[in-house]
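Undergrad: sequence below, structure please.
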Amino acid sequence: MSAVIANRSQPPGAAAARPSQGLSALLRNTQALDPLTPVDSVADSMLDSRYAGLLSLPVVRGDEPIGTISRYEMMRVFLMRFGRELYGHRAIETLANRNALILAIDTPIDEAARLIAERIQSPITDDFILVDSGGRYLGTGVVLDVLRAMDASLAERSSELERAYARLKSSQLQLVQSEKMASLGQMVAGLVHEINTPLGYVRNNVEMTRNTLGDAGRLLGAYEAIHRSLFEESVEPPADLPDRLAEAAELRRRVDESALIDIGELLDDSLHGLGQIAELVDNLKNFSRLDQGLLQKADLNQLVASALRIVQHVMRKRDIEVIFQNGELPEIPCAPAQINQVLLNLLNNAAQAIEHEHGRITVRTQLMGARVLVLVEDNGKGIEQKHLERIFDPFFTTKEVGKGTGLGLSIAHQIVTRHNGLLRVVSRPGVGTRFLLALPVAAREVRT
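TA: Numbering: from 1, shown residues only. This is a model prediction of the structure:
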């Protein structure tokens, strides 16, 4: 027998056929033809309404299928001149397709579809035969049923992919925000000192002002008592008037014109300190806000200055000199919170790469054609060439375990790509690293 039998070890499929399950859900209990059945009788069987949906009928000797006879073949014979007379009394096995496709009942549907595509030609004239694991005839299968099952499976897989993509996108946003909050937490820990410094002298200035104003209040009270005792007839001059005059004189020496001038200076210093605190808080607020897709006009120089302000405590702690050379730039359309995150990642990486004294980070901005450029260059340890190829890969890091998630540069690269920009890096071990950030000047929608 030249027919192909495909055997698989999986159990038969359930009623709802899946690609990984067998063909039992597609099994049709078709009565097989004996090989010796006359062609005339087979023609009558073809007219039976039970077989209306079949392209062919199976020809089986005992339990062993030997082929199929198709409606196409029968019509070809009967359309021949004297076809019925020539073939009507012959056994059907003489016309059977001995190369029919025979599949085991446990053949997965996707494998069956592959075999059908390989074996059956166009136009489709034959269905296929289903057998058990021992090759014994069970029934027939219809090619179109397999195609429908595959189509349903593809639709299900497409839905699963869409759901998986939605979950992946949600997870990506959570990772971005998690990395952002982790960076923010590290910066807040350092910025506590930045806020405590102006907060400390504001508190001191307020206490000094309160003491001076307390003396001034007591001085006014003393003068008021003296005035009443001297100029109100109904009140006799008190016996302790000399003591009151002495107290007023002492208070007057402490609350003189210079003291009032000092109060003004203390208040000016306090306002300056409060302004510094407000600036730090505003920078943190701009970085931590969740307007991931909000597109607006922004001054890239201001974004760089804001990022430098946030990381200045890191630079001072590591004794790193920061040089900011800002060029004249137009405002560009971007999501400022996202670009802030990119700049902070680049600046933090540059600072962490410097493990020696005399560290230096240079930040330059300039306009070049239709793009604005930001260059962040350090004189740190540099990056080996083998690592440069993977530097933007998620979770890749050259830092020690526990000192980096490997998401910072990957997230930065994704943000820049969504802004239709470029993020490039060049580095020489032992010399330093330079990152180039390029963003378009023209308004283009940020991709999600």
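Undergrad: name the helix or strand for Gly264, please.
TA: helix 257-288 (DSSP states H and E).
Undergrad: right, I mislabeled it, should have said Tyr201
TA: Counting by DSSP H and E, the element that carries Tyr201 is helix 143-231.
Undergrad: if we can go back for a sec, quick check: buried residues in the helix or strand following the helix holding Gly264?
TA: Tracing the chain past helix 257-288, the next element assigned as helix or strand by DSSP H and E is strand 296-298. Across strand 296-298, burial judged by 16 or more other CB atoms under 10 Å covers Ala298. (Each C-beta comes from the backbone N, C-alpha and C, glycine too.)
Undergrad: report the distance from the helix holding Gly264 to the chain centre.
TA: Distance of helix 257-288 from the chain centroid (CA atoms, centre = their mean, to the nearest Å) equals 40 Å.
Undergrad: please apply the same query to stretch 429-442.
TA: Centroid displacement of stretch 429-442 relative to its chain, using CA atoms, centre = their mean, is 23 Å.
Undergrad: now swap in stretch 369-378 and tell me
TA: On CA atoms, centre = their mean, the centre of stretch 369-378 falls 25 Å from the chain's centre.
Undergrad: go on, stretch 198-208?
TA: The chain centre lies 45 Å from the centre of stretch 198-208; the measure is CA atoms, centre = their mean.
Undergrad: export stretch 47-65 to CSV, keeping only CA atoms.
TA: The C-alpha trace of stretch 47-65 is given here as CSV (Å, rounded to 0.1, in the frame of the first residue of the first chain):
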residue,chain,number,x,y,z
LEU,A,47,-26.0,9.8,-4.2
ASP,A,48,-26.8,8.8,-0.6
SER,A,49,-27.5,12.0,1.4
ARG,A,50,-25.4,10.7,4.3
TYR,A,51,-22.3,11.2,2.1
ALA,A,52,-23.3,14.6,0.6
GLY,A,53,-20.5,16.4,2.4
LEU,A,54,-17.8,14.0,1.4
LEU,A,55,-15.5,14.4,-1.7
SER,A,56,-14.6,10.7,-1.6
LEU,A,57,-15.5,7.3,-0.1
PRO,A,58,-13.0,5.0,1.5
VAL,A,59,-12.2,1.6,0.0
VAL,A,60,-11.3,-0.9,2.7
ARG,A,61,-10.4,-4.7,2.7
GLY,A,62,-11.3,-6.0,6.1
ASP,A,63,-9.9,-3.4,8.4
GLU,A,64,-7.1,-2.4,6.0
PRO,A,65,-7.8,0.8,3.9
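Undergrad: quick one: contacts of that stretch?
TA: 1, 3, 28, 30, 32-35, 42, 45-46, 66-72, 92-93, 96-97, 100, 102, 124-127, 129, 131, 135-137, 140, 142-143 (CB atoms under 8 Å, 6 or more residues apart in numbering).
Undergrad: for ChimeraX, what selects the buried ones among these?
TA: Listed next is the ChimeraX selection for buried residues among the contacts of stretch 47-65, using 16+ other CB under 10 Å:
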select :3,28,30,32,33,35,42,45,46,66,67,68,69,70,71,92,93,96,97,100,102,124,125,126,127,129,131,137,140,142,143
